[in-house]
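Coordinates for the following, if possible.
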Amino acid sequence: MAVYIVSPKEGRVVGSIDVPDIATMNGMAALPRHPHILLSADSIAGRILSIDTRTIPPIGINGLRTREDYIYFMISSQGTFVRVRIDEHGNRIGDFEVLARSPDASQIYDDFTFDEDGNAYVAVHSSSIVKITPDGVQTTLVGGTSDLILQEPTSVALAKDGKSIYVSTGGNVRTTARQGGQTTEIRLDW
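Next comes the predicted model:
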C-alpha cells in the first residue's frame with residue numbers, strides 16, 4: 001500500500017509514501033494539531049494506523065475521522081460506531097465508547113462525515129445514509145433496504161457551506177444490470 005500525493009494544481013501524482021505490511025488502507029484523517037500525521041484504517045486486520053508523512057513509519061477499521069480530542073471510526077464487522085479519546089500525537093488515552101450500533105446486521109456502516117453540531121452522516125451498505133446524533137439517535141436520511149436511489153454508498157463528505165453532504169457510491173452490484181458509481185448531493189437544510 002502507499003499514500004499518493006496529488007497536486008490539484010498540476011492535476012497529477014507528484015509523489016508517494018510506501019506503507020509496508022498493510023493489507024488495506026480505508027479512509028484517512030489528519031490529526032488536528034499535527035496535520036502531518038495521518039490516521040488510516042486497515043479494515044482487514046482491524047487496526048488503526050498512524051502514518052507520519054515526515055518520517056513515514058506505520059504504527060499500528062472502516063471510515064475514521066478526528067474531531068476535537070477524539071478519533072471516531074466504524075467497525076463494520078460489529079456494526080458499531082466508536083470513539084476513543086486521543087492525545088495530540090494520536091495516542092489512545094481513554095476507553096473505547098460505542099456511540100451507536102447498526103439496527104440490522106445487513107446494514108453495514110462504512111465511511112462518514114460530521115456536521116458542525118457533531119451529527120454523523122454515515123454511508124450504510126447497501127442503499128442508505130443514516131444520521132447519528134451525538135447522543136446516538138439514528139434516523140435514515142436517504143434510502144433504505146428496498147430503495148435504489150443510492151447504489152452501495154461508500155463515503156460521505158460535508159460541503160464547505162455545511163448545507164449539503166456528498167455521497168460516493170460503488171455502483172449497483174446486486175443485479176445483472178450493473179451500473180457504475182455515483183456522486184450525489186443531498187441537501188441538509190430542506
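
pull the helix or strand with minimum mean pLDDT from the protein.
Ranked by mean pLDDT, DSSP states H and E, the weakest helix or strand in the chain is strand 58-59, scoring a mean of 43.

beta partners for T113?
Y121 (DSSP bridges).

ok, it - contacts?
Neighbouring residues of T113 by CB atoms under 8 Å, 6 or more residues apart in numbering: R65, A120, Y121, V156, A157, L158, I165. All C-beta atoms are positioned from the backbone trio N, CA, C, and that covers glycine.

Test my guess that the last one contacts T183.
Think I165. No: counting by CB atoms under 8 Å, T183 is not a contact partner of I165; they are 10.9 Å apart.

Tell me which of the two has more neighbours.
More crowded of I165 and T183, by other CB atoms under 10 Å: I165, with 23 against 10.

That one is in what secondary structure piece?
In this assignment (DSSP states H and E), I165 forms part of strand 164-169.

Could you do E116 as well?
Assessed by DSSP H and E, E116 sits outside every helix and strand.

Not counting residues beside it along the chain, what's closest to it?
With CB to CB, 6 or more residues apart in numbering as the criterion, E116 has its nearest non-adjacent residue at 5.7 Å, and that residue is G162.

Distance-wise, check the one you found relative to V137.
20 Å (CB to CB, to the nearest Å).

What's the local residue count around R187?
The number of residues near R187, taken as other CB under 10 Å, comes to 9.

Sounds good, over and out.
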